[in-house]
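1. quick one, structure for this:
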Amino acid sequence: MISMQDTIKDHTLVVNEGSGVLVQPMTKEYSYVVTAKHVIQNDKDIPENGIMPIENITIYTSNDQLVEARFVYIHPTLDLAIILVDYMNASIRLDENHVVLGERLIIFGYPNYSTNHRNKNTTRRDWIETYTLDVLDVTGFLMKLKVTEDVQLSDFEGFSGGGFFKVLDDKVYLVGIDYKFVKSGEY
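-> Numbering: from 1, shown residues only. Have a look, this model is predicted:
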């Protein structure tokens with residue numbers, strides 16, 4: 001039996017210099033990768049410079065398989081992108097329930113902070129890091145979370161687009177994606 005952590009790792013993708021999540025497809029024709037919009041911008045700090053050409057978007061699975069982007073949907077106001085890819089079997093569901101204050105979540109992503117991460121001599125699965133988070137606030141589409149471990153901004157570079165997950169009744173749910181680290185311990 002596959003553990004919940006292995007299931008999440010199987011669905012956590014490298015998208016350019018950031019992260020992404022493969023979510024359960026609606027049909028067997030295509031699948032979807034959810035990420036932060038700034039991960040696929042020409043310049044992550046200047047949104048006005050637009051989105052990179054689709055052929056410049058690189059996506060890899062945790063098992064080093066290259067995934068080709070087919071189409072990109074950009075949310076008009078949120079830092080959110082949905083990338084259409086060829087069908088891949090996925091079991092991560094989107095959470096339809098509301099996240100509540102104090103709820104504990106986990107984040108998975110691909111940091112850039114050490115020689116063990118983004119190291120082409122090891123499998124991408126070894127690049128993945130995870131942290132535990134507590135929900136501090138939920139306002140509309142935004143959540144404010146506190147990392148339970150002692151982390152710095154540099155620990156999270158590369159996590160943009162990584163998923164916030166919860167496990168409920170032996171199922172894994174995506175409840176959000178990372179797009180901004182506010183200060184040490186929060187984002």
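2. can you get me a residue count around I128?
-> I128 has 20 neighbours, counted by other C-beta atoms under 10 Å. No exception for glycine: its C-beta is placed from N, CA and C like everyone else's.
3. return the distance of it relative to E29.
-> 28 Å (C-beta to C-beta, to the nearest Å).
4. can you report phi and psi for the residue positioned nearest the centre of the chain?
-> Nearest to the geometric centre of the chain sits G162, at 1.9 Å (C-alpha atoms, centre = their mean). Main-chain torsions, G162, degrees, to the nearest 10: phi -70, psi 150.
5. for it, give its distance to T132.
-> 14 Å.
6. who touches the longest strand seen in the chain?
-> In the chain, taking DSSP state E as the definition, the longest strand is strand 129-139. By C-beta atoms under 8 Å, 6 or more residues apart in numbering, the surrounding residues in contact with strand 129-139 are 5, 8, 98-111, 117, 143-149, 151, 155, 159, 164, 186.
7. list the residues that contact T123.
-> Contacts of T123 (C-beta under 8 Å, 6+ apart): S62, N63, D64.
8. what does the pLDDT read for the first one?
-> Just to be clear, that refers to S62. The model reports S62 with a pLDDT of 94.
9. confirm for me that it is in contact with G109.
-> No - S62 lies out of contact with G109 (C-beta atoms under 8 Å); the separation is 11.2 Å.
10. report the set of residues contacting both of these two.
-> Joint contacts of S62 and G109 (C-beta under 8 Å, 6+ apart) are T12, I128.
11. measure the closest residue to Q5 other than its chain neighbours to T12 for me?
-> The shortest distance from Q5 to any residue other than its chain neighbours is 7.4 Å, reached at T130 (C-beta to C-beta, 6 or more residues apart in numbering). Counting by C-beta to C-beta, the gap from T130 to T12 is 9 Å.
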